[in-house]
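K.L.:
kindly return the folded structure for what I paste below:
(chains A and B)
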Number of protein chains: 2
Amino acid sequence: MKQIELSFSNSSTTFLFNASFAAVTTFTAIDNTVIITDENVFNKHKRTFKGWQTIVLPAGEQFKNQATIDNIINQLISLGANRKTFLVGVGGGVVTDITGYVAGIYMRGLSFGFVPTSILAMVDASIGGKNGIDVGLYKNMVGLIRQPAFLLYDYSLLSSLPRAEWINGFAEIIKHAAIKDAAMFRMLEQHKLIDFKKDTKLLDKLIQRNALLKAKVVQEDEFEQGDRKLLNFGHTFGHAIENSYQLPHGHAVTIGMIVAAVFSEVYKKFADTPRLTKLIQQYGLPVYQAFNAKKVLAVMQSDKKKVKDEMHYVLLAKIGKAVVQTIPVSDIEKMVLQLAKNKA
Amino acid sequence: MKQIELSFSNSSTTFLFNASFAAVTTFTAIDNTVIITDENVFNKHKRTFKGWQTIVLPAGEQFKNQATIDNIINQLISLGANRKTFLVGVGGGVVTDITGYVAGIYMRGLSFGFVPTSILAMVDASIGGKNGIDVGLYKNMVGLIRQPAFLLYDYSLLSSLPRAEWINGFAEIIKHAAIKDAAMFRMLEQHKLIDFKKDTKLLDKLIQRNALLKAKVVQEDEFEQGDRKLLNFGHTFGHAIENSYQLPHGHAVTIGMIVAAVFSEVYKKFADTPRLTKLIQQYGLPVYQAFNAKKVLAVMQSDKKKVKDEMHYVLLAKIGKAVVQTIPVSDIEKMVLQLAKNKA
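P.N.:
Reported below is the predicted structural model:
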């Protein structure tokens, strides 16, 4: 077990790597805690939850909405949850997003922690305090930024993670490498997914490297005025197709990364789109999805990164170095229409 | 016009007393702003809103719920509101509570300001950053603490305030006097409501005194670890009867103050219940409401101030000095049952 504490603007988060779920009790007493999880995680790890008050949600991004929040709030009221109640989200990114949001608004704010159970949640979704829900096709339209008291990594919970979810998680790992860590990019090129599945020590190193990479970016820029924006690489286009085409988040992001790489060729003379494409495919992830340009552009118009007639788009100057480029919406429209045609 | 800036933990609020609505433009550009108001205020001051993008809500506490939030979010999406959009809540406490809450969660947080249009909102509801919505009978069950960028006081907006709402607002003024300001209590004893309605200068002094009294309590203790709790005087019992019996907030609070005064006789040898009763009645406010003890106790059980089997109850040591007393829930039950019997 390795413990690292990072301070954010209003609070600090303790990272517990290679830990056991039982260590949750070092942060909160069992009778003062409500666990929020989903059916998949609950059914696969029933013994883990024995003795804990637990709210079990239906699984899936389609339930990351206000109806689920209403349901949780009513259950918290029934359980007699008060201002001192501690919430623990145990699950993937949907569960941690929902738990963080409910913890932010129930009785104007409860303390909370996360036990991520997917690669995606471990390296990205559960870190950084962004939480929230979708509104129709608009992803994360409503939410808060508020840091968890702890993040506990119990790799034994990955035993039941489907292969597709392992793959999904590597999208954000490749993203981190592409925007900030050329050495990790090379290391990923030298491995395959199976290497990390078989070797917990290698996996632990990779998870720590990614979790701390993201956490430190957030620490420097919690409210996304600068460098934190770089983490949105692949996400502007990705979010626009994710709900419309019901793609796994990781797939939407790798497709979005290739779109951003193509834009980077135009604005930054980026020359490594083939190398990025190869790595994405090496980990079983997609690089293209047929799409309706008008539909996708309509969703992009509502992106949180749009301001008036321009968007802040994250591009690559080179592998390991991302930059924010302001692009007129009209240019984005032209490029997106072109992309839709190219591959149609 | 008088301008005062107060700093809170994460931001500061500019108070503009005796100002004109038009001064809103010193804080935010008209084309970058969405006003949120209710039908009553909108219909009475249509000219004021000319040229502003405006979301008009149905009026009343019964609409301070998630359905209204959903409606506003959908309208903000339709208006193309983005992270740089500024929200201005123009109305009573319901409007400012709702506006502050939406501003806190839409795209993870927009900047916002308030123009309170009722006495209650001017001296209390719009100050201090607490916002939120009700969940069924549970008041303010969901919300945030987040400070507005400005509070603008335009007394001309009070011209259309119904007499009942003037009376309602004085409940919180009497509360402030009772918990913190014996001199103001004496001043109120020497006046009647009509004096403040007729004399804008006198009113301005009273509003400033109350707004700054509350703001300074909040400044010392934004997240309610200590002195801010005193502002809940009258509210524990008040909130428990307000929605059940559809009382105006001010009425619920003065009834709750008398309940707390009776408890204060038991725990603090408080001897001035008759004087408090007299002042409340002098301003046309009620001191009792027949109630079903079981129903009211059930709502009190879910109060945010309850922890395990005890409640933090705000009592008076004397006029002008409130204290927090920890009272076993079982004792509260006995006293509430007794109160229900006494007057039945």
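
K.L.:
let's see the pLDDT reported for the spatially most central residue of chain A.
P.N.:
Centroid-nearest residue in chain A, with Cα atoms, centre = their mean: A:A125, separated by 2.8 Å. Note for A:A125: predicted pLDDT of 93.

K.L.:
how about it, phi and psi?
P.N.:
For A:A125, the backbone dihedrals are phi -60, psi -40 (criterion: degrees, to the nearest 10).

K.L.:
burial count for the closest residue to it other than its chain neighbours?
P.N.:
Spatial nearest neighbour of A:A125, chain neighbours left out: A:G93 (2.8 Å); criterion: Cβ to Cβ, 6 or more residues apart in numbering or on different chains. Every residue, glycine included, has its C-beta placed from N, CA and C. Counted with other Cβ atoms under 10 Å in any protein chain shown, residues neighbouring A:G93 total 24.

K.L.:
quick check: A:G93 vs A:I241, distance?
P.N.:
Distance, A:G93 to A:I241, using Cβ to Cβ, to the nearest Å: 17 Å.

K.L.:
next one: A:D181
P.N.:
The value you get for A:D181 to A:I241, if Cβ to Cβ is used, is 26 Å.

K.L.:
which residue of those two possesses the greater neighbour count?
P.N.:
A:I241 (23 against 19).

K.L.:
host element of the residue lying closest to A:Q281 once chain neighbours are set aside?
P.N.:
Spatial nearest neighbour of A:Q281, excluding adjacent residues (Cβ to Cβ, 6+ apart): A:V287 at 6.5 Å. Using DSSP states H and E, A:V287 sits within no helix or strand.

K.L.:
now do the contacts for A:V287.
P.N.:
Neighbour list for A:V287: A:T254, A:I255, A:I258, A:T277, A:I280, A:Q281 [criterion: Cβ atoms under 8 Å, 6 or more residues apart in numbering or on different chains].

K.L.:
buried ones in stretch A:337-344?
P.N.:
Buried positions in stretch A:337-344, judged by neighbour count with 16 or more other Cβ atoms under 10 Å in any protein chain shown: A:L339, A:A340.

K.L.:
could you export that stretch as CSV, keeping only the C-alpha atoms?
P.N.:
Output in CSV follows, covering the C-alpha atoms of stretch A:337-344 (Å, rounded to 0.1, in the frame of the first residue of the first chain):
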residue,chain,number,x,y,z
LEU,A,337,-18.1,18.5,-42.6
GLN,A,338,-15.0,17.5,-44.5
LEU,A,339,-14.2,14.7,-42.0
ALA,A,340,-17.8,13.4,-42.3
LYS,A,341,-17.4,13.3,-46.1
ASN,A,342,-13.9,11.8,-46.3
LYS,A,343,-14.9,8.6,-44.7
ALA,A,344,-18.5,8.3,-45.6
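
K.L.:
thinking again about what came up before, thought the residue nearest to A:A125 was touching A:S118?
P.N.:
Yes - between A:G93 and A:S118 there is a contact at 7.1 Å, judged by Cβ atoms under 8 Å.

K.L.:
ok so, going back, between the contacts of A:V287, which is nearest B:R83?
P.N.:
Proximity of these to B:R83 (Cβ to Cβ) peaks at A:I255, which lies at 24.5 Å.

K.L.:
near chain B, which residues of chain A show up?
P.N.:
A:9-10, A:66, A:70, A:73-74, A:77, A:80, A:82-84, A:104-109, A:130, A:132, A:135, A:138, A:140-145, A:301-302, A:304, A:306-307 (Cβ under 8 Å from any Cβ of the partner chain).

K.L.:
can you turn the buried part of the residues you listed into a ChimeraX selection?
P.N.:
Burial among these is assessed by 16+ other Cβ under 10 Å; the matching ChimeraX selection reads:
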select /A:66,73,77,82,83,104,105,106,107,108,109,130,132,135,138,140,141,142,143,144,145,302,304,306
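
K.L.:
in helices, which of the residues of chain A next to chain B appear?
P.N.:
Of those, the ones assigned to helices by DSSP state H are A:Q66, A:D70, A:I73, A:N74, A:I77, A:G104, A:I105, A:Q301.

K.L.:
identify the farthest-apart pair in those.
P.N.:
A:I77 and A:Q301 (37.8 Å).

K.L.:
can you map out the strands along the stretch 101-250 of chain A?
P.N.:
A:111-116, A:133-135, A:138-142, A:150-152 (DSSP state E, counting those that start in this stretch).

K.L.:
what residues are up against the residue nearest to A:A125?
P.N.:
A:P116, A:S118, A:L120, A:A121, A:D124, A:A125, A:S126, A:H249.

K.L.:
most neighbours among those, which one?
P.N.:
A:S126 (31 neighbours).

K.L.:
looks like that residue contacts A:L152 (just checking).
P.N.:
No - applying Cβ under 8 Å, one finds A:S126 not in contact with A:L152, separated by 9.8 Å.

K.L.:
give me the common contacts of the two.
P.N.:
Common neighbours of A:S126 and A:L152 (Cβ under 8 Å, 6+ apart) are A:F114.

K.L.:
can you tell me which helix or strand of chain A has the lowest average pLDDT?
P.N.:
Here the helix or strand of chain A ranked lowest by mean pLDDT, DSSP states H and E is strand A:306-307, holding a mean of 68.

K.L.:
what's downstream of that one, the next helix or strand?
P.N.:
From strand A:306-307, the next helix or strand downstream (DSSP H and E) is strand A:310-318.

K.L.:
before we move on, back to that, out of the strands of the stretch 101-250 of chain A, which gets nearest to A:I207?
P.N.:
strand A:111-116 (9.4 Å).

K.L.:
what packs against the closest one?
P.N.:
Contacts defined by 3 or more Cβ pairs under 8 Å, 6 or more residues apart in numbering or on different chains; DSSP states H and E place strand A:111-116 against strand A:86-91, helix A:93-105, strand A:150-152.

K.L.:
low-confidence stretches in chain A?
P.N.:
A:304-307, A:343-344 (pLDDT under 70).

K.L.:
the closest residue to A:Y106 other than its chain neighbours - how many residues pack around it?
P.N.:
Nearest residue to A:Y106, sequence neighbours excluded (Cβ to Cβ, 6+ apart): A:L76, at 5.8 Å. Applying other Cβ under 10 Å, we find 25 residues neighbouring A:L76.

K.L.:
contacts only, for A:G60.
P.N.:
A:G60 sits in contact with A:D38, A:V94, where contact means Cβ under 8 Å, 6+ apart.

K.L.:
what angle do the helix or strand containing A:E333 and strand A:310-318 make?
P.N.:
Using DSSP H and E, A:E333 sits in helix A:329-343. Angle, helix A:329-343 to strand A:310-318, by axes from the mean of the first three to the mean of the last three Cα atoms, to 10 degrees: 60 degrees.

K.L.:
so what touches helix A:329-343?
P.N.:
Under Cβ under 8 Å, 6+ apart, the answer for helix A:329-343 is A:237, A:259, A:262-263, A:266, A:288, A:290-293, A:296-297, A:300-301, A:306, A:309-311, A:313.

K.L.:
buried among the residues you listed? Make that a PyMOL selection.
P.N.:
Buried residues among these (16+ other Cβ under 10 Å), as a PyMOL selection:
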select buried, chain A and resi 237+259+262+263+291+293+296+297+300+306+310+311+313
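
K.L.:
beta partners for A:V115?
P.N.:
A:V90 (DSSP bridges).

K.L.:
verify the stated contact: it with A:D154.
P.N.:
Yes - in this structure, A:V115 is within contact of A:D154 by Cβ under 8 Å, at 6.4 Å.
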